[in-house]
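*Asks:* Below are the sequence and a predicted model for it; my questions follow.
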Amino acid sequence: MLSIKSLSTGYGGARVLRGLDFALGAGECAIVVGPNGAGKTTLLRAVMQLVRTQGEIVFDGAALRGLAPEEIARAGIALAPQDGGFFPQMSVEDNLRVAAPRAQARARAYAFFPALAERRSQLAALLSGGERRMLVIARALALAPRLLLLDEASAGLAPRLAHDLFARIADWRAQDGFALLAVEQGPGLAALAGGRVYLMANGRLAPLAQATDDGALARLYFGV
Amino acid sequence: MGLSAELFASGLATGAIYALVALALALIFRATGHINFAQGEMATASTFAGWWMMQHGAPYWLAFGATLIASCAAGAAIGRLVAQPLAQASPLAHIATFVGLYAVINGLDGFLFGYEPRAFASPFGAGPFAGTALSRHQLGMIGAAAALMVGLQLFFRFTRAGLLLRASAMEPQAARLSGVRVARVQALGWGLAAAIGAGAGMLIAPATLLDPNMMLAPLLYGFAGAALGGLAQPFGAAFGGFAVGLLDALAQGLLPDGGALKAPLALAFILAALFFRPAGLFGRPDAARA
Ligand SMILES: Nc1ncnc2c1ncn2[C@@H]1O[C@H](COP(=O)(O)OP(=O)(O)OP(=O)(O)O)[C@@H](O)[C@H]1O
Ligand SMILES: [Mg+2]
């Protein structure tokens, strides 16, 4: 479904991704961990073509390079970015209406985050940090994507909710079968999603056999 | 001249002119975040196009409709070709571009049509409206401005196109990530604003006479009105336009040499109002978490 070959990109002269290869099948799940500044966010932005890239990105047989982000979104990829990704001067309901004209799709997003349903008519700028994370994820889910990209979805969420988030996304995936590529800081949480785990280092992804007890991960990521 | 019904009526009619301009400005601002200083000149060019069609034998409403449609297309094209590339540019570049656009259109109008003022027909007919201090044309203008003010407010509030226009101006990237074709949506905003400007120009020209500089004062006061009422809300912007027209008439009626002082007085009042409410009377100050 998503196939990336020798993907390179950066900002100005600085290379961030250097010949990265990655593949994800339909309905599969992958988690990317790595230190701050490793290029995790840049990878998701590259898939949405929010940065200029070299190399090959193919989604369901179609090359994404050079497409506008809105066309990629319409092709079935939804990104819940680490920053922004919502409309501060609009109500929660209007935020979701932009992504989902149909009330049914919005109802599903509300069912996923009942806290948002209670704040339906509140201005998004006035939500708490965690509520904003929910809104950004809900907006992405409301698009009913075939591939969901989550950038640190659990950051700022209460531990219990962060824990539930991945369990419930796993439930939703079981029904809808969308694929998931998630960037996380903590491999422990990510393991809940039940996918393969990759470490981002030196501008590439290296698979980790197991999320929790891998020596390489511990050395590279936690420095122990 | 003392305070009188005539004065109030003429203030309201002038206010309608400003309100129409303010509505076009507010529409582009709401849809793209730009303030289009060339809005008035685009309206003048449209009005010349309508005048040209009527000179060549087109009946009024045919020329009116064709002008709105052509202006909508031209506005969308200008938005796409001139404003779109500015998306990432600095505010200074925006100002320079729109002032440049202003100069180009103004010069072209003068080159093509000359500077001699021309009479322009009113769709509402001539003469006073039965038993009022208003002419039929003035009343028509007030009605059109009020209807447009309500219509645009409803458009932004209740239609999907209005929602997407707001979203694209507010957070273009979030809109793109939601699958919104931002370039098209913003071109639509420009097209609608140009059509409203064209309609405004054709309603203003019978009152002021048509010449390349006819929109200079309406743009200035319309902008002041939009700032007074709040640029982000069509309702507020149009209300501000009416208020400026009335203040203007009030100053004229109350001051000994009202004619000379009315503009500074009206603008001073607006500055004072904005000092206390920077987002405009109806503008929500950008909601921020305290
Ligand atoms: N817009 C930008 N312009 C210049 N450099 C950038 C830009 N965005 C990111 N970078 C740099 O690119 C590198 C990778 O950034 P990226 O945001 O992808 O890291 P990350 O792995 O997501 O980090 P974090 O865990 O802190 O979110 C960093 O060194 C960062 O400073
Ligand atoms: Mg990041």
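*Replies:* Okay, I see it. Ligands and ions are numbered 1, 2, ... in the order given.
*Asks:* List the buried residues in the helix or strand harbouring residue B:260.
*Replies:* Using DSSP states H and E, residue B:260 falls within helix B:258-276. By neighbour count with 16 or more other C-beta atoms under 10 Å in any protein chain shown, helix B:258-276 contains the buried residues B:258, B:262, B:263, B:265, B:266, B:267, B:269, B:270, B:273, B:274. Where C-beta positions appear, they are placed from N, C-alpha and C, glycine not excepted.
*Asks:* Stretch B:118-136 now?
*Replies:* Judged by neighbour count using 16+ other C-beta under 10 Å, the buried positions of stretch B:118-136 are B:120, B:121, B:122, B:124, B:129, B:133, B:134, B:135, B:136.
*Asks:* Mind pulling up the pLDDT for the fifth one?
*Replies:* Just to be clear, that refers to residue B:129. pLDDT for residue B:129: 79.
*Asks:* Backbone dihedrals for it, please?
*Replies:* Per-residue torsions, residue B:129: phi -90, psi 130 (degrees, to the nearest 10).
*Asks:* Go ahead and confirm it touches residue B:139.
*Replies:* Yes - judged on C-beta atoms under 8 Å, residue B:129 makes contact with residue B:139 at a distance of 4.8 Å.
*Asks:* Around ligand 2, which positions in chain A sit nearby?
*Replies:* A:41, A:82 (C-beta under 5 Å from the ion).
*Asks:* Can you show me the helices along the stretch 1-150 of chain B?
*Replies:* Per DSSP state H, counting those that start in this stretch, the stretch 1-150 of chain B carries helices over the ranges B:5-32, B:39-55, B:60-78, B:91-113, B:136-158.
*Asks:* Could you export the ones you listed as CSV, including mean pLDDT and distance to residue B:179?
*Replies:* Formatted as CSV, the helices of the stretch 1-150 of chain B follow (pLDDT from 0 to 100; distance: least, C-beta to C-beta, whole Å):
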stretch, mean pLDDT, distance to residue B:179
helix B:5-32, 87, 18
helix B:39-55, 94, 30
helix B:60-78, 95, 21
helix B:91-113, 90, 27
helix B:136-158, 89, 20
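*Asks:* secondary structure class for the residue nearest in space to the middle of chain A?
*Replies:* Geometric centre of chain A, nearest residue: residue A:150, 1.4 Å, by C-alpha atoms, centre = their mean. Under DSSP: H, G, I helix; E, B strand; the rest coil, the three-state class of residue A:150 is strand.
*Asks:* repeat for the one 3 residues further on
*Replies:* Secondary structure for residue A:153, judged by three-state DSSP, is coil.
*Asks:* ok, residue A:7 touching residue A:53?
*Replies:* Yes - with contact defined as C-beta under 8 Å, residue A:7 and residue A:53 form a contacting pair (6.0 Å).
*Asks:* and for the two, which residues touch both?
*Replies:* A:17, A:46 (C-beta atoms under 8 Å, 6 or more residues apart in numbering or on different chains).
*Asks:* What lies in contact with stretch B:210-222?
*Replies:* Taking C-beta under 8 Å, 6+ apart as the rule, stretch B:210-222 contacts B:17-22, B:25, B:37, B:39-41, B:43-44, B:47-48, B:51, B:106, B:109-110, B:113, B:115-120, B:200-201, B:204-205, B:208, B:241, B:244-245, B:248, B:266.
*Asks:* For these, I'd like a selection string for ChimeraX - just the buried members, please.
*Replies:* Buried residues within the contacts of stretch B:210-222, by 16+ other C-beta under 10 Å, are selected in ChimeraX with:
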select /B:17,18,19,20,21,22,25,37,39,40,41,43,44,47,48,51,106,109,113,120,200,201,204,205,208,241,244,245,248,266
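*Asks:* Run through the bridge partners of the residue nearest to the centre of chain A.
*Replies:* Beta bridges link residue A:150 to residue A:80, residue A:182, judged by DSSP bridges.
*Asks:* I'd like the helices of the stretch 1-150 of chain B laid out as TSV, including distance to ligand 2.
*Replies:* Below are those laid out as TSV (distance: least, C-beta to the ion, whole Å):
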stretch	distance to ligand 2
helix B:5-32	29
helix B:39-55	41
helix B:60-78	37
helix B:91-113	29
helix B:136-158	34
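*Asks:* okay if I get the ones you listed as CSV plus distance to chain A?
*Replies:* Shown next, in CSV, are those (distance: least, C-beta to the nearest C-beta, whole Å):
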stretch, distance to chain A
helix B:5-32, 11
helix B:39-55, 23
helix B:60-78, 18
helix B:91-113, 19
helix B:136-158, 10
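*Asks:* what's the most buried one of these?
*Replies:* By mean neighbour count, with neighbours taken as mean count of other C-beta atoms under 10 Å in any protein chain shown, helix B:5-32 ranks first of these at a mean of 25.
*Asks:* What ranges does chain A have for its helices?
*Replies:* In chain A, the segments counted as helices under DSSP state H are A:40-47, A:69-74, A:92-99, A:103-112, A:114-118, A:129-142, A:159-176, A:187-192, A:215-217.
*Asks:* low-confidence ranges in chain A?
*Replies:* For chain A, the stretches with pLDDT under 70 are A:186-193, A:209-224.
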